[in-house]
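S.K.: Build the 3D model from these lines:
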Amino acid sequence: MQDIDGVHTTGGLSNISYGLPQRKIINRSFLLMMMAKGFDSAIMDPLDKDIMAVLKTGEMLAGNDDYCMNFLKAVRAEEIKA
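M.R.: Got it, this is the predicted structure:
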């Protein structure tokens with residue numbers, strides 16, 4: 001995705017999985033794909049602990065989490081579990 005000055009992108013995760021089984025795994029996978037392509041935000045369920053774990057892990061892997069501090073804080077708070 002090309003960066004255009006001042007333009008931000010967002011997308012609804014559930015739009016891609018509408019009508020499909022196992023929607024949560026589709027939404028989580030789509031979130032990572034969006035992040036890899038440079039999307040700025042996503043419309044998602046912030047109460048879904050697993051998708052929030054994917055978000056924090058993706059931010060860390062993308063280099064957007066200085067010293068992995070947000071990731072480590074979430075692991076210590078048991079918000080991210082394998």
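
S.K.: quick one: K24 from K49, how far?
M.R.: Taking CB to CB, to the nearest Å as the measure, K24 falls 11 Å from K49. From N, CA and C alone the C-beta is placed, and that goes for glycine too.

S.K.: Contacts made by stretch 65-82 with the rest, please.
M.R.: Residues outside stretch 65-82 that contact it (CB atoms under 8 Å, 6 or more residues apart in numbering): K49, M52, A53, K56, T57, E59, M60.

S.K.: and N27, what does it touch?
M.R.: Listed by CB under 8 Å, 6+ apart, the contact set of N27 reads L13, S14, I16, S17, M44, I51.

S.K.: what do you get if the cut-off is 6 Å, keeping everything else the same?
M.R.: The contact partners of N27, taken as CB atoms under 6 Å, 6 or more residues apart in numbering, are L13, S17.

S.K.: Please apply the same query to Q22.
M.R.: Neighbour list for Q22: empty [criterion: CB under 6 Å, 6+ apart].
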